[in-house]
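Peer 1: what follows is a predicted structure for the sequence shown.
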Amino acid sequence: DFWSAEREPEQWAIYPLIPKGRGVSLYAPAKAGKSTVVLAAVAAAASGKPGLMGPAGPPTDVLYLDYEMTGDDLYERLEGLGYSADVDLTRLHYALIPSLPPLDTQAGAAAVVKAVAATGATVVVVDTYGRAVEGDENENDTTREFYRHTGTALKAMGVAVLRCDHAGKDIDKGARGGSAKNDDVDVVWRLLRTEGGVKLSRTHSRVPWVPETVELAYSEDDETGLVRLSPLNRKGYAAGTKETAEVLERLEVPVGVSTRRAQKALIEVGEGRRRQVVVD
């Protein structure tokens, strides 16, 4: 059964940040826009709107455990991203300052599993990790306990986890705390502000098909307060990428599908391409 099961090599919970059923860490310096980018991604996924880098898809249930913002903060962020009472956000299950046991304990894991079962969530966001655990976040044992209890329980259910974190004093050395923060997840993203935008760089990964970088233009309208996040064009595409993208768009193949499915669609119409061209 193991060998005969059909496997899709590239599966996304929320493209292009969170692979399906995987553990993900995203860290950034203070005020870099981490929470805004994450909220934009999950709100789009929950409402079925176009995402950060891809088209609209079926609504996704997301459980967001927010240990920092107030209701007023959340209202202001969502309104700034263009959401209102007219948009269906019932699949965004948002817990403000949740009264859960620490997530590095068995009781905390059980509470999250219960919440996932009640909401049907396929993605859990923990923002911010340091406030969700009782142990010292600088200690590797705290991270190992978080993974042993909450991380493994959700992974066994096929639920993806995005853990938001603050950067350490040296941004190049990763999130604040011990090295175990890179060991217990499948993907680590570093978010930095750039001139006019934000850049997410994949610093660690055991999922090779996750993009190495995601670059977004970030702007805010002074009059309306609306925040706009849009993809920036990357340089250095493989030859033929533009033409391939046009063919896939004509075939109505979504951006977030796997490389295998995109290649199959191209082959079926006599437009086969090298894998790297399709990946780019």
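Peer 2: Perfect, thanks for sending it. Please read all numbers here as calculations on a predicted model, not as lab measurements.

Peer 1: would you mind confirming that residue 97 makes contact with residue 66?
Peer 2: Yes - judged on C-beta atoms under 8 Å, residue 97 makes contact with residue 66 at a distance of 7.1 Å. Bear in mind the C-beta positions are built from the backbone N, C-alpha and C, glycine included.

Peer 1: what about these two, which has more around it?
Peer 2: Taking neighbours as other C-beta atoms under 10 Å, residue 97 and residue 66 compare with residue 66 leading, 23 against 13.

Peer 1: so what's the residue count around the residue nearest to residue 120 when sequence neighbours are not counted?
Peer 2: Leaving aside its chain neighbours, residue 120 sits nearest to residue 61 (4.6 Å; criterion: C-beta to C-beta, 6 or more residues apart in numbering). Number of residues near residue 61 (other C-beta under 10 Å) recorded here: 17.

Peer 1: for residue 17, same thing?
Peer 2: Residue 17 is flanked by 28 other residues according to other C-beta under 10 Å.

Peer 1: gap between the residue nearest to it when sequence neighbours are not counted and residue 123?
Peer 2: Spatial nearest neighbour of residue 17, chain neighbours left out: residue 41 (5.8 Å); criterion: C-beta to C-beta, 6+ apart. Per C-beta to C-beta, to the nearest Å, residue 41 is found 10 Å from residue 123.

Peer 1: any common contacting residues for those two?
Peer 2: Listed as contacting both residue 41 and residue 123 by C-beta atoms under 8 Å, 6 or more residues apart in numbering are 14, 18.

Peer 1: you'd agree residue 111 is up against residue 100?
Peer 2: Yes - the pair residue 111 and residue 100 passes the contact test of C-beta under 8 Å, sitting 4.7 Å apart.

Peer 1: so the residue nearest to residue 17 sits against residue 54, correct?
Peer 2: No - look at residue 41 against residue 54 with C-beta under 8 Å: they stay out of range, at 10.2 Å.

Peer 1: okay, these two: which has more neighbours?
Peer 2: residue 41 (24 against 18).

Peer 1: the more buried one: what secondary structure?
Peer 2: Under the three-state scheme (DSSP: H, G, I helix; E, B strand; the rest coil), residue 41 adopts helix.

Peer 1: which residues touch it?
Peer 2: With C-beta under 8 Å, 6+ apart as the criterion, the residues that contact residue 41 are 14, 17, 18, 51, 52.

Peer 1: and the closest residue to the fourth one other than its chain neighbours, what does it touch?
Peer 2: Once its chain neighbours are removed from consideration, residue 51 has its nearest residue in residue 44; the separation is 4.5 Å (C-beta to C-beta, 6+ apart). Residue 44 makes contact with 50, 51, 52, 56, according to C-beta under 8 Å, 6+ apart.
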